[in-house]
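Peer 1: What shape does this take:
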Amino acid sequence: MKLLHILFGGLAVAAAPLSAESRGQKMPQPDIFLITVDTLRADHVHCYGYQAIQTPALDSLAKDGIRFTQAFTPSPITNTSHTSILTGLLPGSHGVTDFAIPLAVTHPTLAELLKKSGYHTAAFIGAVILDSKGLAPGLDRGFDFYDNFPEHGQTKSRWGRVERRGMDVVQHAETWMTEHPSGPRFVWVHLYDPHDPYEPPSPYSQTYKDRLYDGEIAYADSALAHFVGYLKKSARYENALIVVVGDHGEGLGEHHENTHGIFLYDSTTHVPLIVKMPGGNDKGKVADAQVRTTDILPTVTDLLHVPPPEHLDGESLQPYFAGSESKDRIAFGETDYPLRFGWAPLRSVRAEGSKFIEAPRPELYDLHDDPGELANHYQPSNASVQKFRAMLAGVRAKMPQPSSADAASTAPQGANDQLKALGYQARIDAGSSTNASKPSLLPDPKDKIEEQNLLHTAMMASDDNRSDEARGALEKVLQLDPKSPTALRQLGELELQAGDYIKAAEHLKRARGVRPEDATAAFYEGQARQEAGDLAGARDALEASLKLTPGQFPARLLLGQVYLGLKDAKNAEDQFEAALLLQPKSAEAQFGLSQAQQLQKNGH
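Peer 2: Reported below is the predicted structural model:
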């Protein structure tokens, strides 16, 4: 039956059949569902040609919508890539280039734009990496409800502590929708499961026992199927705009990268993108043009006729729906994650069938003849290199200069432990390494990837209480680089936890020798020396830590106790008073202050 085109809720889509319109029915504004699947490579989804996996939910959505075969993320890191999806901006534009950096209020989110247009908004996250109270401040702006993790978790298991199973995430979303039946709604659902460690539940752990990453994807797809089934049962599916996208991919050993974050090859930047339109429009279409995840926000605002932000790095995908556009869009990439290890950051541009990666040893690939990016054709005089460098320079020139306030991390106490539990390197303190003025002088990540894989193994083993495995991996790193500050610090932390305080202090002292700006290493050294009875050494290490990062409550408290042990009542009093300025209700600091004051009365 012929469909007439009408305008409902500002969205031009195909309407119901003539009989529905003749009855005077007006279609409501569409619900909008953004489904982000973490660490999802496009080439590990069945409808993208991967026959070794079953992903019926994704396949079904592709049949009901538009599948983009060449979609790319600008960042291989979870919170940065999601911020780009929710703002339509490149990482350098929105400024969230590291964990726990607040999203500036000058950058409106998709939730804020839709809320102003009358939408009820809610977000359901699968990992603390996107918790707005800690590692992703500002990402909750515009959401009526943002499903953060409990502030004081009761479980030591990673499930519920740092990660939620996909089925739990979608059930939280379904419960909220049932309790908030009035529309229209914008609901963001984040499925974290394919992220390592790969531990799919049964039966996926058996079906994909030799390919656990695929098992996690298949399980996440089953959670997506549950959510789509809920939408259909509640009559919300047909009129919904559904966008499913991977935030980034996974290395899986390609280019020797086991996970993600370090490199900008297609293995970690090529993601699936499926758009299911309201009213059953554009079913089964396939768009082969190169597009970007930054195009999602402008697409939604365009379809809804919602005024977009003044500045966007993405563009609406609507021209591809009707087939009026087929040309590729330039895809930029960037990662500052290597800076956490003291290595050079990377920038890339993917255009005209080529990929250029700016690095200490630059790279140029012909993607037509070499889709695996294995044959580096870089020559400084190459015309394409010069053109791509000009493109990257143009992007840099348009990006705002971050203020110190914008770049400051607001990570709460314990954030580093959360990052390590999720497989990410803890933050390097004082910001000096993340603001390297000449990154080209830093080591090329290509030369350090074996170390990174070992460091990642050590982090995950340590979180899982496999200390011997973690220690072995770190010792292998030190064989490759005896001055690796990351390995030295992690070894120091391991020995501190094991109670070998003298060995811990020595490792941490060596780490500080290589990286003097590491306030956390200094704090841990102070802990180790205090436990070993070296109060003078503990005092010096803690003073150094606080000089770098003055606002550390645990360091103030411990230094106060060290001064008490040294019978230095005045300095002990100063430290406990400083601690109380940070946490006025701390019973430990109050008791320490009273001890220091009593010591002074006794003449010390």
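Peer 1: what's Glu573 in contact with, if anything?
Peer 2: Residues counted as contacts of Glu573 (C-beta atoms under 8 Å, 6 or more residues apart in numbering) are Gly560, Leu593, Ala596, Gln597, Gln600. (Each C-beta comes from the backbone N, C-alpha and C, glycine too.)
Peer 1: how about 10 Å then?
Peer 2: The contact partners of Glu573, taken as C-beta atoms under 10 Å, 6 or more residues apart in numbering, are Gly560, Tyr563, Leu564, Gly592, Leu593, Ser594, Gln595, Ala596, Gln597, Leu599, Gln600.
Peer 1: Same question for Lys116.
Peer 2: Per C-beta under 10 Å, 6+ apart, neighbours of Lys116: Pro108, Gly142, Val306, Pro307.
Peer 1: neighbours of the residue nearest to Asp295 when sequence neighbours are not counted, just the number please.
Peer 2: Spatially, and ignoring its direct neighbours in sequence, Asp295 is nearest to Gly314 (4.1 Å; C-beta to C-beta, 6 or more residues apart in numbering). Gly314 has 23 neighbouring residues, counting by other C-beta atoms under 10 Å.
Peer 1: before we move on, what about Ala397?
Peer 2: Residues near Ala397, counting by other C-beta under 10 Å, number 7.
Peer 1: Can you give me the separation between it and Gly92?
Peer 2: Counting by C-beta to C-beta, to the nearest Å, the gap from Ala397 to Gly92 is 11 Å.
Peer 1: what's the answer for Leu559, then?
Peer 2: 39 Å.
Peer 1: More neighbours: these two, which one.
Peer 2: More crowded of Leu559 and Gly92, by other C-beta under 10 Å: Leu559, with 28 against 21.
Peer 1: Next up, the contacts around the more buried one.
Peer 2: Contacts of Leu559 (C-beta under 10 Å, 6+ apart): 523, 526, 530, 538-539, 541-543, 545-546, 552, 571-572, 574-576, 578-579.
Peer 1: Those in helices, which ones?
Peer 2: 523, 526, 530, 538-539, 541-543, 545-546, 571-572, 574-576, 578-579 (DSSP state H).
Peer 1: which residues touch the one residue sitting closest to the centre of the chain?
Peer 2: Centroid-nearest residue in the chain, with C-alpha atoms, centre = their mean: Thr78, separated by 2.0 Å. Counting by C-beta under 10 Å, 6+ apart, Thr78 touches 36, 38-39, 99, 126-127, 129-130, 135-136, 190, 192, 195, 247-248, 260-261, 422, 424.
Peer 1: Quick check: Leu86 vs Tyr146, distance?
Peer 2: From Leu86 to Tyr146 the distance is 12 Å (C-beta to C-beta).
Peer 1: Pull out the buried residues from the contacts of Lys116.
Peer 2: For the contacts of Lys116, a burial check counting by 16 or more other C-beta atoms under 10 Å picks out Pro108, Gly142, Val306.
Peer 1: wait, isn't the last one in contact with Tyr119?
Peer 2: Yes: with the criterion set as C-beta atoms under 10 Å, Val306 and Tyr119 qualify as a contacting pair; they are 9.3 Å apart.
Peer 1: what residues do those two have in common as contacts?
Peer 2: By C-beta under 10 Å, 6+ apart, the residues touching both Val306 and Tyr119 are Leu110, Leu113.
Peer 1: Quick one: the strands in the stretch 1-150 of the chain, in order.
Peer 2: With DSSP state E, counting those that start in this stretch, the ranges of strands along the stretch 1-150 of the chain come out as 3-8, 11-17, 32-37, 66-72, 120-124, 145-147.
Peer 1: The fourth one packs against which elements?
Peer 2: Under the contact definition 3 or more C-beta pairs under 10 Å, 6 or more residues apart in numbering; DSSP states H and E, strand 66-72 sits against helix 56-64, strand 241-246, helix 266-269, strand 270-276, strand 285-292, helix 318-321, strand 331-335, strand 346-351.
Peer 1: Quickly run through the sheet partners of that strand, with directions.
Peer 2: strand 270-276 (antiparallel), strand 285-292 (parallel) (DSSP bridges).
Peer 1: Out of the ones you listed, which one sits most buried?
Peer 2: Most buried of these by mean neighbour count (mean count of other C-beta atoms under 10 Å) is strand 270-276; its value is a mean of 25.
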